[in-house]
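Trainee: Model the following, please.
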Amino acid sequence: MKQTIFHVDVNSAFLSWEAAYRIYHLGAKTDIRNEVAAVGGDMAARHGIILAKSIPAKKYGIQTGESIFEAKQKCPFIKLVPPNYSLYESCSNAFMEIMRQYTPDVERTPSTRLFWT
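Mentor: Numbering: from 1, shown residues only. Prediction:
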């Protein structure tokens, strides 16, 4: 039997999970996935990095991992939302359980282990 390996990239997961939570649990009227928006940093403390960005934010050259300062230079009106790590951990674990319905051989990459260990 031929083995198939899937790599599932959930690079924008934080933003998607945040958007869904805001809409379905907080009653948000807008969807940050459709806005120039990103998850990350602490604007009050003026530090941090972009953890995830929307597709519209990509059009302004916003990149995951860049500083909030750099992102604001590229796009002063970008909507920044603070990270909700407990939400992302819960969603990530639920996603892993869905994957395990198809195979017991599921691994997280080293970078995601930093958040959830």
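
Trainee: Go ahead and report the secondary structure state at T103.
Mentor: Assigned by DSSP: H, G, I helix; E, B strand; the rest coil, the conformation of T103 is coil.

Trainee: Give me the pLDDT value at it.
Mentor: pLDDT, T103: 83.

Trainee: Let the chain start at 4 from now.
Mentor: All set: I'll call the first residue 4, so the last point we hit is now T106.

Trainee: separation between it and M4?
Mentor: T106 sits 13 Å away from M4, going by Cβ to Cβ, to the nearest Å. (C-beta placed from N, C-alpha, C; glycine too.)

Trainee: Give me the spatial nearest neighbour of L18, chain neighbours excluded.
Mentor: Distances taken as Cβ to Cβ, 6 or more residues apart in numbering put A55 closest to L18, at 4.0 Å, once the chain neighbours are dropped.
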